[in-house]
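**Student:** quick check, what structure comes out for this input:
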Amino acid sequence: MSGIAVPEDGSTKLSVLMGPTSDLADDEPKSRIDRVLQWVPRVLSSKPHVLLLIGLGVYLIVLPILGVTVSSSAELIGGNYTNVTSDIGACIAAGGTLHLVAQGRKRRRVEEERLRLARETHRLLHYVYGDAARELGYLVDAPAGPGDGQPPLGGRGRQPGRSQR
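**Tutor:** Reported below is the predicted structural model:
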């Protein structure tokens, strides 16, 4: 061991300072401010917002290049080309983040179902091959079917044609 003491909850000094990182993309927001903040990336990456920024970019960047005079107050309020292009980049990043979060949630649901099926398959194999599992040192405590006294899926508990030892 390196001699660094980690609290029982697994937090380190940095995670205590910054807070937990496991709640960054909660499926269900816990507070009103979380619900409001959940909409920020959606608004930033929305098509109307991106089109507004492109229009602002044309007005503040392209028109002055073509010789059209833009008032200094409009430039002060609307920003300059670096503000507009960085805003468009933020919109792209927000949209990409939303996509990645949605894909991660979908992938997690698929993996949870895959794990459930693997556990059920494992339980059924222990039930069907209980003697072999006991020989290998596994406890076979697979319950019968759904409470009706029958093996899972209506099986007999052994493959037909196999002799018992």
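**Student:** tell me how many other residues surround residue 99.
**Tutor:** Neighbour count for residue 99, taken as other Cβ atoms under 10 Å: 11. Quick note: C-beta positions are derived from backbone N, CA and C, even for glycine.
**Student:** what does residue 102 give?
**Tutor:** Residues within reach of residue 102, counting by other Cβ under 10 Å, total 11.
**Student:** the helix or strand harbouring it packs against which elements?
**Tutor:** Residue 102 belongs to helix 81-128 when elements are defined using DSSP states H and E. Contacts defined by 3 or more Cβ pairs under 8 Å, 6 or more residues apart in numbering; DSSP states H and E place helix 81-128 against helix 40-44, helix 47-57.
**Student:** now for those helices, which one comes closest to residue 100?
**Tutor:** With Cβ to Cβ as the criterion, residue 100 lies closest to helix 40-44 of the helices and strands packed on helix 81-128, at 10.8 Å.
**Student:** avg pLDDT for stretch 95-109?
**Tutor:** Throughout stretch 95-109, pLDDT has a mean value of 91.
**Student:** so which bits of that stretch are buried?
**Tutor:** By 16 or more other Cβ atoms under 10 Å, the buried positions in stretch 95-109 come out as residue 95.
**Student:** export that stretch as PDB, just CAs?
**Tutor:** Taking Å, rounded to 0.1, in the frame of the first residue of the first chain, the C-alpha atoms of stretch 95-109 are listed here in PDB:
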ATOM      1  CA  GLY A  95     -25.500  19.000 -28.300                       C
ATOM      2  CA  GLY A  96     -22.700  16.400 -28.300                       C
ATOM      3  CA  THR A  97     -22.800  16.100 -24.500                       C
ATOM      4  CA  LEU A  98     -26.600  15.500 -24.600                       C
ATOM      5  CA  HIS A  99     -26.100  12.800 -27.200                       C
ATOM      6  CA  LEU A 100     -23.400  11.100 -25.100                       C
ATOM      7  CA  VAL A 101     -25.500  11.200 -22.000                       C
ATOM      8  CA  ALA A 102     -28.500   9.700 -23.800                       C
ATOM      9  CA  GLN A 103     -26.300   7.000 -25.300                       C
ATOM     10  CA  GLY A 104     -24.700   6.200 -21.900                       C
ATOM     11  CA  ARG A 105     -28.200   5.800 -20.300                       C
ATOM     12  CA  LYS A 106     -29.300   3.600 -23.100                       C
ATOM     13  CA  ARG A 107     -26.100   1.500 -22.900                       C
ATOM     14  CA  ARG A 108     -26.500   1.200 -19.100                       C
ATOM     15  CA  ARG A 109     -30.100  -0.100 -19.500                       C
END
